[in-house]
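>>> Dropping a prediction and its sequence here:
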Amino acid sequence: MFKNKNILVTGGTGSFGKKFILNILKNNNPKKVIIYSRDELKQSQMMDEFKNNKNFKSLRFFLGDVRDFDRLYLALQDVDYVVHAAALKQVPAAEYNPTEFIRTNIQGAENVIKASLRTNVKKVIALSTDKAVNPINLYGGTKLVSDKLFVSANNYAGKNNTLFSVVRYGNVAGSRGSVIPLFQEISRKKEKFFPITDLNMTRFWITLSEGVSFVMKSFERMRGGEIFIPVIPSFKITDLAKAINPQLKIKVIGLRPGEKINELMCSSDESNQVIKFNDYFIILPSIKNFAPSRNNYLNNSSKQKGKFVNKDFEYSSEKNKFFNVLELKNKIKLIHD
């Protein structure tokens, strides 16, 4: 679907953005891919990294901030598809700098929506996080609002038929800010212990490659207004430490500001709007003035038929299939594939 099309990725120099763009260039032969981001150094480094790619000439490096509507509007001229990956993400930083997170994660989302509507973009997918479900921290709160904005944007798309959907998944294994590189560095330096905030902590597991693949599939499947959630396993933070270095001791340091012990991807409060397919869930929009009938969401583009989940269903990292230590050890080796 991306062949000879124009694609823009906000936050395109980040971990997800680079992996997504590499996939697009390798498998889809796009007409143009616009990397929209605010860091000139990262753009320069990405140019060097991609310069030998056979489709390098299709790349456009566009300096800009999602907070700047006018700049975003210019960048979106003639764009067919948008992936909105730009965000401020560090949970403790959000607690200390709430206004900055609101400006980027909420006002930035609103700018992406408005600019996409005014330039007649075909489809927009915004990346979300498990922290947007029943949020207890400001970062999660901003992403919840962002999700709501993108879902509701379908209600005022009007005649141009722009579709907006959201992809929600957990922490990406090995990405910038992930606990895995931190633990690996601690192990390499032969430090005395792994700092763990709570011994009962669990998280969802997804790699960059898996996240990129899921977003690509979601573009094909989307009807507008859905929140797509992959079926993925969980891991225990203590098992992760054992997988990286079983000889190193563990020290409990207490929860960081805004941190949860377990994560949710779908709360029981949303269960009446959740459809389960073979390898993913969708959460239906609560207001569907724009949408096909409720039952149309039950069939996807691969001719799979979904079904509504049971009442009070909850998708939690605590109540999920877990990797054991050996499985984690093997998965860590494959992170950057």
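Looks like it arrived, so ask away. Residues are numbered from 1 along each chain as shown.
>>> mind listing the strands in the stretch 201-337 of the chain by residue range?
202-204, 227-230, 234-236, 249-252, 264-266, 274-276, 280-283, 307-308, 315-316 (DSSP state E, counting those that start in this stretch).
>>> Which among those is found nearest to L149?
Closest of those to L149 is strand 227-230, at 12.3 Å (criterion: CB to CB). Where C-beta positions appear, they are placed from N, C-alpha and C, glycine not excepted.
>>> Any chance of the strands of the stretch 201-337 of the chain in JSON lines with mean neighbour count and distance to L72 as columns?
Below are these laid out as JSON lines (neighbours: other CB atoms under 10 Å; distance: least, CB to CB, whole Å):
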{"stretch": "strand 202-204", "mean neighbour count": "23", "distance to L72": "31"}
{"stretch": "strand 227-230", "mean neighbour count": "24", "distance to L72": "23"}
{"stretch": "strand 234-236", "mean neighbour count": "21", "distance to L72": "36"}
{"stretch": "strand 249-252", "mean neighbour count": "11", "distance to L72": "44"}
{"stretch": "strand 264-266", "mean neighbour count": "24", "distance to L72": "29"}
{"stretch": "strand 274-276", "mean neighbour count": "20", "distance to L72": "32"}
{"stretch": "strand 280-283", "mean neighbour count": "24", "distance to L72": "27"}
{"stretch": "strand 307-308", "mean neighbour count": "12", "distance to L72": "37"}
{"stretch": "strand 315-316", "mean neighbour count": "22", "distance to L72": "33"}
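>>> As TSV, these with mean pLDDT and distance to G12 would be great.
Formatted as TSV, those follow (pLDDT from 0 to 100; distance: least, CB to CB, whole Å):
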stretch	mean pLDDT	distance to G12
strand 202-204	95	24
strand 227-230	98	20
strand 234-236	96	29
strand 249-252	95	37
strand 264-266	95	25
strand 274-276	96	31
strand 280-283	97	24
strand 307-308	94	36
strand 315-316	96	29
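>>> With respect to K114, which of those lies nearest?
strand 227-230 (20.6 Å).
>>> helices and strands around the closest one, which ones?
strand 163-169, helix 208-221, strand 280-283 (3 or more CB pairs under 8 Å, 6 or more residues apart in numbering; DSSP states H and E).
>>> and that strand, which strands flank it?
strand 163-169 (parallel), strand 280-283 (antiparallel) (DSSP bridges).
>>> could you pull out the helices for the chain?
15-27, 40-50, 69-75, 91-96, 98-101, 108-118, 138-153, 179-188, 208-221, 237-244, 325-333 (DSSP state H).
>>> So for the third one, what gets flagged as buried?
This points to helix 69-75. 69, 71-73, 75 (16 or more other CB atoms under 10 Å).
>>> Can you tell me which of the residues you listed comes closest to D147?
Nearest to D147 among the buried residues of helix 69-75, with distances taken as CB to CB, is L72, at 19.2 Å.
>>> Enumerate every residue touching the closest one.
Residues near L72 by CB atoms under 8 Å, 6 or more residues apart in numbering: 10, 36, 64, 66, 111-112, 115.
>>> Regarding stretch 28-43, how distant is the last residue from the first?
With CA to CA, to the nearest Å as the measure, stretch 28-43 spans 22 Å from end to end.
>>> residues making contact with that stretch?
So stretch 28-43 is contacted by 1-14, 17, 21, 24-25, 46, 55, 58-66, 72, 75, 79, 86 (CB under 8 Å, 6+ apart).
>>> Can you flag the buried ones in these?
Buried among these by 16+ other CB under 10 Å: 2, 5-14, 17, 21, 24-25, 46, 55, 58-59, 61-62, 64-66, 72, 75, 79, 86.
>>> Leaving out the residues flanking it, which one is nearest to the residue nearest to the spatial centre of the chain?
Centroid check for the chain by CA atoms, centre = their mean gives L127 as the closest residue, at 3.6 Å. In space, and not counting its chain neighbours, L127 is closest to A85: 5.0 Å by CB to CB, 6 or more residues apart in numbering.
>>> now V83
V9 (4.7 Å).
>>> for the strands of the stretch 201-337 of the chain, which one sits closest to E210?
That would be strand 227-230 among the strands of the stretch 201-337 of the chain, by CB to CB, at 7.3 Å.
>>> Could you list the residues in contact with the closest one?
In contact with strand 227-230 (CB under 8 Å, 6+ apart) are residues 128, 147, 151, 165-169, 206, 210, 214, 218, 221-222, 265-266, 279-283, 315.
>>> from what I can see E210 touches V231, true?
No. Assessed by CB atoms under 8 Å, E210 is found out of contact with V231, at 10.9 Å.
>>> Please report the number of neighbouring residues for S302.
Using other CB atoms under 10 Å, S302 is surrounded by 10 other residues.
>>> ok, back up a step: using JSON lines, lay out the strands paired with strand 227-230 together with distance to N324.
Output for the strands paired with strand 227-230, formatted as JSON lines (distance: least, CB to CB, whole Å):
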{"stretch": "strand 163-169", "distance to N324": "21"}
{"stretch": "strand 280-283", "distance to N324": "24"}
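>>> Those strands: which one's closest to P135?
Going by CB to CB, the one of those nearest P135 is strand 163-169, 12.4 Å.
>>> Which parts of the closest one count as buried, going by neighbours?
Result for strand 163-169 [16+ other CB under 10 Å]: buried residues 163-169.
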